[in-house]
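# This is the structure alone, sequence omitted:
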Ligand SMILES: NC(=O)c1ccc[n+]([C@@H]2O[C@H](COP(=O)([O-])OP(=O)(O)OC[C@H]3O[C@@H](n4cnc5c(N)ncnc54)[C@H](O)[C@@H]3O)[C@@H](O)[C@H]2O)c1
Ligand SMILES: [Fe+2]
């Protein structure tokens, strides 16, 4: 077995209506003034009310609301919220929203704890001590930001995503309440779910960094996602399916934050930074291409996933099914790739970058995307080295 380190500092609380325990967790963590970070939709929809009530009831604190967080949040938003939090004397945070809100709150927490400018803290392991208490309540099931050690916000001036990475960025508590995501529209449910699928698959084959801990999380998370993501997408009120996808994306979050992701994420970050495409949808387009690129290097690992998911049995039961030997790694790995592509078609997600709204890729645009992807930390964990030419060809194929 390879040597490994596994770490998960976040307390995870799952259950229907668990959001109304937020105040109890906050009382335990301490804090006298709370900044609640969310987005305008959640405020308007009344989704924040159970959290606010619970905080008032358990701690007597009336949270200060900051709900001006755009999808794909940025440095300006972090700075604006930090000024409000500082002026109000906030010493604890509650973040309620998708990955954009959770990441924004993590970066606000850095600025609030240490002072200074956002840009001073970007990069890996710059933050070396505990931040102020942070509770994360995800309202999408995909990013795993409620448990991860990273946060990404956009720097519009530079057209790139800034990455902040440190184990101290992990929230203290993650509250997974299926009731908080029932309002998520079908397309975003599908796209965010595929983000989690991508975390699992990339993490499972990450270059020498996966471990038995992360393997187990990825496998069970994938099983839950293949089973429940279609249901959660078609029937958003199905709390069992919503709950399963929330738990699965949190498990994927714990896994990838320990072992890394890979080429699909590196390219998705680049495309998202340049063309403001949604992170999950961009992963959905790029994942089959990333898997094909890595195929020869990792097909025995893909085959292990296929075995865990019983894909050979599923294939032999299908109408035109041929039986596949359980020792034929290559064939099993192909079944996983087919399964992923079938899921993407079932979820009606965009199948190429053009459908995603990316304009024609000129040589200049391609070069810029390849530069961004090549410098993205995710690429370090890809199991196969990717040259400039490899990245360029992959993007062309995905277009
Ligand atoms: N920190 C990490 O570990 C990590 C991992 C992956 C992605 N990310 C980041 O997360 C961001 C993407 O997050 P996301 O995919 O969760 O999307 P998002 O947070 O950008 O939200 C997408 C849209 O969904 C809406 N929304 C959110 N919850 C809703 C609900 N319950 N009902 C109705 N609408 C709702 C939001 O208002 C927004 O318009 C990107 O910035 C990406 O870089 C972070
Ligand atoms: Fe992701």
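Okay, I see it. In this text the structure is predicted, and so the values were computed from the model without any measurement. Residues are numbered from 1 along each chain as shown. Ligands and ions are numbered 1, 2, ... in the order given.
# residues from the stretch 201-350 of the chain in reach of ligand 1?
279-280 (CB under 6 Å from any ligand atom). All C-beta atoms are positioned from the backbone trio N, CA, C, and that covers glycine.
# let's see 8 Å
253, 256-257, 265, 269, 272, 278-280 (CB under 8 Å from any ligand atom).
# Tell me who's in contact with the most centrally placed residue in the chain.
Nearest to the geometric centre of the chain sits residue 143, at 1.7 Å (CA atoms, centre = their mean). Shown in contact with residue 143 (CB atoms under 8 Å, 6 or more residues apart in numbering): 98-99, 102-103, 192, 195-196, 249, 253, 279-280.
# Now neighbour count, pLDDT and secondary structure too, for those residues, in a markdown table please.
Below are the contacts of residue 143 laid out as a markdown table (neighbours: other CB atoms under 10 Å; pLDDT from 0 to 100; DSSP: H, G, I helix; E, B strand; the rest coil):
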| residue | neighbour count | pLDDT | secondary structure |
| --- | --- | --- | --- |
| 98 | 28 | 97 | coil |
| 99 | 27 | 96 | helix |
| 102 | 29 | 98 | helix |
| 103 | 28 | 97 | helix |
| 192 | 28 | 98 | helix |
| 195 | 27 | 98 | helix |
| 196 | 31 | 98 | helix |
| 249 | 31 | 98 | helix |
| 253 | 32 | 98 | helix |
| 279 | 26 | 96 | helix |
| 280 | 27 | 98 | helix |
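# got the residue ranges for the strands in the chain?
Taking DSSP state E, the strands of the chain run over residues 11-14, 34-37, 64-66, 92-97, 123-124, 134-138, 150-155, 160-165, 173-176.
# Can you name the residue of the stretch 201-350 of the chain nearest to ligand 1?
residue 279 (3.9 Å; CB to the nearest ligand atom).
# where's the closest residue to that residue other than its chain neighbours relative to residue 371, distance?
Sequence neighbours aside, residue 272 is the residue nearest to residue 279 in space, at 5.5 Å (criterion: CB to CB, 6 or more residues apart in numbering). Relative to residue 371, residue 272 is positioned 15 Å away (CB to CB, to the nearest Å).
# Then residue 216?
For residue 216, the distance to residue 371 - CB to CB - is 36 Å.
# swap in residue 378?
14 Å.
# Comparing those two, which shows the higher neighbour count?
residue 378 (23 against 14; other CB atoms under 10 Å).
# ok so, going back, which residues are in contact with the residue nearest to residue 279?
72, 161, 278-279, 282 are the contacts of residue 272 under CB under 8 Å, 6+ apart.
# List just the nearest of those residues to residue 8.
Among the contacts of residue 272, residue 279 lies closest to residue 8 (CB to CB), at 22.2 Å.
# what residues are up against that closest one?
72, 99, 143, 195, 268-269, 272.
# Check residue 16 too.
Contacts of residue 16 (CB under 8 Å, 6+ apart): 177-179, 239, 243.
# ok, now residue 97?
Applying CB under 8 Å, 6+ apart, the residues near residue 97 are 37-39, 42, 69, 137-140.
# If we use 6 Å, what do you get?
By CB atoms under 6 Å, 6 or more residues apart in numbering, the residues touching residue 97 are 38-39, 139.
# In the residues you listed, which residue is surrounded by the most others?
For the contacts of residue 97, the largest number of neighbours (other CB under 10 Å) sits with residue 139, at 27 neighbours.
# How much space separates the nearest residue to residue 14 once chain neighbours are set aside from ligand 1?
Nearest residue to residue 14, sequence neighbours excluded (CB to CB, 6+ apart): residue 176, at 4.2 Å. To ligand 1, residue 176 is 13 Å away according to CB to the nearest ligand atom, to the nearest Å.
# Then residue 12?
15 Å.
# That residue: how many residues sit nearby?
19.
# wait, what's in contact with the residue nearest to it when sequence neighbours are not counted?
Excluding the flanking residues, the one nearest residue 12 by CB to CB, 6+ apart is residue 174, at 4.9 Å. Residues near residue 174 by CB under 6 Å, 6+ apart: 10, 12, 136, 146-147.
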